[in-house]
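Q: just coords:
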Ligand SMILES: [Zn+2]
């Protein structure tokens, strides 16, 4: 099987609706996540940050860092091809707990 390019991976993430905007109501707070192969990644749009390992390791090697989740997020947002979910502020804490757990699990995977 041919090795897939990172562009393919980015397109898959977008076309499969794995870039997600979580809108909390009534506060209007917004959180972006991208669902990777091993779980969810948190995207911090103001800092150009992604919680995945690839991002972390490229940050250690060079000053600027990126990963294909971050790239997928940018393209998805521009072309408005993301899933949008409304969540009650009441569920914010639970949402964050589950997300943190998923991220932690991926870090421990190695
Ligand atoms: Zn990433």
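A: Done, it's in. The model shown is predicted, which means the values in this text are computed figures rather than measured ones. Numbering: from 1, shown residues only.
Q: List the buried residues for the longest helix along the chain?
A: Looking across the chain with DSSP state H, the single longest helix is helix 92-108. Across helix 92-108, burial judged by 16 or more other Cβ atoms under 10 Å covers 95, 99, 102-103, 106. Where C-beta positions appear, they are placed from N, C-alpha and C, glycine not excepted.
Q: I'd guessed residue 65 sits against residue 47; true?
A: No: Residue 65 is beyond contact range of residue 47, at 10.5 Å (criterion: Cβ atoms under 8 Å).
Q: Same drill for the two, tell me which one is more crowded.
A: Set residue 65 next to residue 47 and count neighbours by other Cβ atoms under 10 Å: residue 65 wins out with 17 against 7.
Q: List the contacts of the more buried one.
A: Applying Cβ atoms under 8 Å, 6 or more residues apart in numbering to residue 65 gives the contacts 48, 55-56, 58-59.
Q: Out of those, give me the two with the largest separation.
A: Taking Cβ to Cβ as the measure, those span a maximum distance of 13.3 Å, between 48 and 56.
Q: hmm, back to that, would you reformat the buried residues of helix 92-108 as CSV and include distance to the ion and pLDDT?
A: Output for those, formatted as CSV (distance: Cβ to the ion, whole Å; pLDDT from 0 to 100):
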residue, distance to the ion, pLDDT
95, 19, 95
99, 14, 94
102, 13, 90
103, 11, 89
106, 10, 83
